[in-house]
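Chemist: Sequence and predicted structure, then a few things I'm wondering about:
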Amino acid sequence: MKSRMLFVLVSLSWLLLIFFLLNVSSVQRLPEETNTVQVDNRYAKLNDRLNEANRQIELLMEQNKHLAQNLKTLTDLKVNPQELSVERPEAVKVKDALALNAFPGTPFETSLRRVRQNVDEIWHYLRTKMDKKSMGFVNDLRYNMFYELDVLSDRDNRWRNQELKNLSDFVQNRIHRLQNPSDCENAKKLVCDLNKYCGFGCQIHHLAHCFVAALALNRTLICDTQDWRSSSGEQNVWNKLFQPISQTCVNPNGHNRTDWGDDKRLHSYQVMYYPIIDYITPLPEFLPLVIPQQIADPLIRQSGEPFIWFIGNVLKYMLRPSDQLSQFMDTFKRDNQFSHPIVGIHVRRTDKIGTEAKFHTIDEYMFYVEDFYNKLDLKSVRQSANKKAQRLVYLATDEPNVWLKEIKPYQERGYVFKGDIKLSQSADPSQRQEFESLHDVVVDLLLLSQCDYIVCTFSSQICRMAFELMQTRHSSTQDMSQAFYSLDDIYYFGGQVFHGKKAIVSHSAQSKREISFNAGDILGIERNEHNGYNTGDHNRTKRKGLYPRFKVTEFVESKPFAAFH
Ligand SMILES: *[C@@H]1O[C@H](CO)[C@@H](O)[C@H](O)[C@H]1NC(C)=O
Ligand SMILES: *[C@@H]1O[C@H](CO)[C@@H](O)[C@H](O)[C@H]1NC(C)=O
Ligand SMILES: *[C@@H]1O[C@H](CO)[C@@H](O)[C@H](O)[C@H]1NC(C)=O
Ligand SMILES: *[C@@H]1O[C@H](CO)[C@@H](O)[C@H](O)[C@H]1NC(C)=O
């Protein structure tokens, strides 16, 4: 805010200056027939004015110097102080400065998001304390509050979308530049092995982790996608699904090479081999959940989940669909009449159940789908639109019985399920290596990410990837950081160093199960209990327990990323 005020001040100074100069020049253009006395008189006046103008200019120059100095110390407005100097007045566009100032700033945006979140926190808190009937009252109130919040935020949505889209374009362009160097022979490279021995989602996240390093170190990412998953007998699987990650540079050779390590000359090697996240030493300072410093300010302003937005943009680049897949998606969406609004559910049953994940009934998923549509219905009532949205659900599952049996009661109540039972049949683990199965997983992933809300289990990589990709869609009316419900884990990036929350107010424990903290303290987060509390430990005292979610905010760390300079 301070920097904006300065910006406006500088602009106003320029307006003043221009005003003076215009005034002076209008006086200079005297009609020729005026007599000498008048002319003398006018010249005397003109002289006075010029002196005054000079004095003002000097004053302004002095102020400008001062302001430019102040600006230099402010990082959140990326204006080169030189551009504000007296020699280059054209750099300051008054209109832009005023327009910029008309938009809400970071505190406004974070407060607005927090109110939305806290409406849900109250709801979760009361859900554990009150009976169903009383909750009807609470829910009515809640939906109405969401409606009012929509009205409040709608005013600036275009600006929000624009700023997020700008940011996304910037990140996409920089990745593209990094991946397509003009001189591959001499480009600095980061080599990453895609064939990490794990499932599709895990491999994609591994590649994303390499991309983060490539961006931080400004090295072109070299990854042999040619024989990825070639054991299935299918050739060139990557290019059948996605665009190549580079058009000009795929050769991992160079003058010299090294592994990631603590070698002092590490960064002078042309080729660097980068390990999987689980075995990396020493820990790079840019490991997830760290975001690039260069985009931190606008990103924190515009997204409730800055890291997830960032990694989503990395995935957006990596997973640009091939022409073949793109065509398939278009046809699939048309044939299935995939339209908005739509809620995505990812019901994972056949793998990992009993090991990594618990079984969840369809009712658990549909509870949040229903809540989404109730909220929407109230909105149309308030808008006197009276046309209720059709209750569309995109169903992605690896269990054909979900299609055949479990969704029946919901279909009878008017829910319409989109998707393809065939996709769930090909997800049978015995066929997991097959190309079709992979293809179908990718289709499910991309379509889930295009839904307006998703209900899934964050223990699943597909669910987390869908949520990551979802953040990069800026056509919808608001930031998508709250458009999900996870039936199990909170969000995490496998191998992340630290996920923390920062206390905004202090808290003293109300019971043995709670922990106390002061404003500004950093707390870990292990679980969202969905009753208004998180479980986590205090980073300093190491005590573990419950703490109220509304008293903390996301702790975001940022470090410079060389590709974004
Ligand atoms: C987005 O970028 C465009 C072009 O670079 C610029 O004109 C516009 O002001 C930017 N908008 C925002 C909100 O940052
Ligand atoms: C690696 O090769 C580059 C280019 O030839 C050179 O500048 C650099 O010093 C070399 N690094 C080491 C550690 O030998
Ligand atoms: C949390 O604690 C660990 C060690 O106890 C420390 O290294 C780390 O810097 C702390 N994190 C923050 C954000 O304070
Ligand atoms: C990063 O690499 C690009 C070329 O790929 C280059 O133009 C840019 O100057 C580099 N940035 C830094 C900070 O080294």
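Modeler: Noted; the coordinates are in hand. Ligands and ions are numbered 1, 2, ... in the order given.

Chemist: The residue nearest to Phe211 when sequence neighbours are not counted: what's it in contact with?
Modeler: Computed as CB to CB, 6 or more residues apart in numbering, the closest residue to Phe211 that is not its neighbour in sequence is Val314, at 4.8 Å. From N, CA and C alone the C-beta is placed, and that goes for glycine too. Val314 makes contact with Val171, Ile175, Ala208, Phe211, Val212, Leu215, according to CB atoms under 8 Å, 6 or more residues apart in numbering.

Chemist: Could you look up the SS state of Val314?
Modeler: helix (DSSP: H, G, I helix; E, B strand; the rest coil).

Chemist: element containing the nearest residue to Lys196 once chain neighbours are set aside?
Modeler: Excluding its sequence neighbours, the residue lying closest to Lys196 (CB to CB, 6+ apart) is His206, at 4.6 Å. Assigned by DSSP states H and E, His206 belongs to helix 200-217.

Chemist: How far away from the center of its chain is that helix?
Modeler: Offset of helix 200-217 from its chain centre (CA atoms, centre = their mean, to the nearest Å): 17 Å.

Chemist: mind saving the C-alpha coords of the next helix or strand after that helix as PDB?
Modeler: Counting by DSSP H and E, the next helix or strand C-terminal to helix 200-217 is strand 220-223. This file holds the C-alpha atoms of strand 220-223, laid out as PDB (Å, rounded to 0.1, in the frame of the first residue of the first chain):
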ATOM      1  CA  THR A 220      17.500 -26.600 -19.100                       C
ATOM      2  CA  LEU A 221      15.700 -29.800 -17.900                       C
ATOM      3  CA  ILE A 222      16.800 -32.800 -19.900                       C
ATOM      4  CA  CYS A 223      14.700 -35.900 -19.400                       C
END
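
Chemist: And Phe555, how close does it get to Ala519?
Modeler: Separation of Phe555 from Ala519 (CB to CB, to the nearest Å): 13 Å.

Chemist: Whichever strand or helix holds Lys501 pairs with which strands, parallel or anti?
Modeler: According to DSSP H and E, Lys501 maps onto strand 500-503. With DSSP bridges as the test, strand 500-503 is paired with strand 522-524 (antiparallel), strand 552-554 (antiparallel).

Chemist: Next, format those as CSV and append distance to ligand 4.
Modeler: Putting the strands paired with strand 500-503 into CSV (distance: least, CB to the nearest ligand atom, whole Å) gives the following:
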stretch, distance to ligand 4
strand 522-524, 30
strand 552-554, 28
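
Chemist: buried stuff in the strand or helix carrying Ser111?
Modeler: Taking DSSP H and E as the definition, Ser111 sits inside helix 106-127. Neighbour-count burial for helix 106-127, counted by 16 or more other CB atoms under 10 Å, picks out Glu109, Thr110, Leu112, Arg113, Arg116, Val119, Asp120, Glu121, Trp123, Tyr125, Leu126.

Chemist: quick check: mean pLDDT across it?
Modeler: On average, the pLDDT along helix 106-127 is 97.

Chemist: Does that helix reach ligand 1?
Modeler: No - Helix 106-127 lies out of reach of ligand 1 by CB under 6 Å from any ligand atom, never closer than 12.6 Å.

Chemist: how far away is the residue nearest to Phe211 from ligand 3?
Modeler: Using CB to the nearest ligand atom, to the nearest Å, Val314 is found at 24 Å from ligand 3.

Chemist: That residue and Val212, how far apart?
Modeler: Noted for Val314: a distance of 7 Å to Val212, by CB to CB.

Chemist: ok, back up a step: so which bits of the helix holding His206 are buried?
Modeler: Quick answer for helix 200-217 (16+ other CB under 10 Å): 200-201, 203-217.

Chemist: Comparing Phe555 and Ala519, which residue is more hemmed in?
Modeler: Of the pair Phe555 and Ala519, Phe555 is the one with more neighbours under other CB atoms under 10 Å, namely 17 against 12.

Chemist: who's in contact with that one?
Modeler: Contacts for Phe555 (CB under 8 Å, 6+ apart) come out as Gly500, Lys501, Lys502, Ile522.

Chemist: how about 10 Å then?
Modeler: Residues in contact with Phe555 (CB atoms under 10 Å, 6 or more residues apart in numbering) are Leu289, Phe498, His499, Gly500, Lys501, Lys502, Ala503, Ile522, Leu523, Gly524, Ile525, Asn539.

Chemist: what secondary structure does the spatially closest residue to Ile204 that is not a sequence neighbour sit in?
Modeler: Leaving aside its chain neighbours, Ile204 sits nearest to Met465 (6.5 Å; criterion: CB to CB, 6+ apart). With three-state DSSP as the basis, Met465 sits in helix.

Chemist: what's the neighbour count on Met465?
Modeler: Neighbours of Met465 under the rule other CB under 10 Å: 23.

Chemist: Next up, the contacts around it.
Modeler: Counted by CB under 10 Å, 6+ apart, Met465 has contacts 200-201, 204-205, 208, 311-312, 315, 319, 445-446, 448-449.

Chemist: okay but Asp193 is in contact with His209, surely?
Modeler: No - using CB atoms under 10 Å, Asp193 makes no contact with His209, being 11.8 Å away.

Chemist: now the helices for the stretch 201-350 of the chain?
Modeler: Assignment of helices within the stretch 201-350 of the chain using DSSP state H, counting those that start in this stretch yields the ranges 237-241, 296-302, 306-318, 323-335.

Chemist: Looking at the ones you listed, spot the one closest to ligand 4.
Modeler: Ligand 4 sits nearest to helix 306-318 of all the helices of the stretch 201-350 of the chain, at 15.0 Å, using CB to the nearest ligand atom.

Chemist: quick one: the closest one to helix 200-217, angle?
Modeler: Interaxial angle, helix 306-318 versus helix 200-217 (axes from the mean of the first three to the mean of the last three CA atoms, to 10 degrees): 100 degrees.

Chemist: Please export the C-alpha coordinates of stretch 301-309 as CSV.
Modeler: Taking Å, rounded to 0.1, in the frame of the first residue of the first chain, the C-alpha atoms of stretch 301-309 are listed here in CSV:
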residue,chain,number,x,y,z
ARG,A,301,-2.1,-11.6,-3.0
GLN,A,302,-4.0,-13.6,-5.6
SER,A,303,-3.8,-17.2,-4.5
GLY,A,304,-4.8,-18.8,-1.2
GLU,A,305,-2.3,-21.7,-2.0
PRO,A,306,0.8,-20.0,-3.6
PHE,A,307,2.9,-23.2,-3.7
ILE,A,308,0.1,-25.3,-5.2
TRP,A,309,-0.5,-22.6,-7.8
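
Chemist: from the middle of its chain, how far away would that stretch be?
Modeler: Distance, centroid of stretch 301-309 to centroid of chain: 4 Å (CA atoms, centre = their mean).

Chemist: repeat for stretch 403-422
Modeler: Per CA atoms, centre = their mean, the centroid offset for stretch 403-422 relative to its chain is 32 Å.

Chemist: Flag every buried residue along that stretch.
Modeler: By neighbour count on 16+ other CB under 10 Å, the buried set for stretch 403-422 is Trp403, Glu406, Ile407, Tyr410, Tyr415, Phe417, Lys418, Gly419, Asp420.

Chemist: likewise stretch 382-397?
Modeler: Under the neighbour-count rule (16+ other CB under 10 Å), stretch 382-397 has Arg391, Leu392, Val393, Tyr394, Leu395, Ala396, Thr397 buried.

Chemist: For the residue in the stretch 401-550 of the chain that ligand 4 sits nearest to, which residues are in contact?
Modeler: Nearest residue of the stretch 401-550 of the chain to ligand 4 (CB to the nearest ligand atom) works out as Thr472 at 22.6 Å. The contact partners of Thr472, taken as CB under 10 Å, 6+ apart, are 164-165, 168, 171-172, 308-317, 449, 480.

Chemist: Weed out the non-buried ones from those.
Modeler: When those are checked for burial by 16+ other CB under 10 Å, the buried set is 164, 168, 171-172, 308-317, 449, 480.

Chemist: Let me see the domain layout of the chain.
Modeler: Domain assignment of the chain by automatic domain parsing yields the ranges 2-155, 167-299, 321-486, 500-559.

Chemist: residues from this structure in reach of ligand 2?
Modeler: His255, Asn256, Arg265, Ser268, Tyr269, Gln270.

Chemist: Those, buried ones only, as a PyMOL selection?
Modeler: Buried subset of the residues of the chain next to ligand 2, written as a PyMOL selection, criterion 16+ other CB under 10 Å:
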select buried, resi 269+270
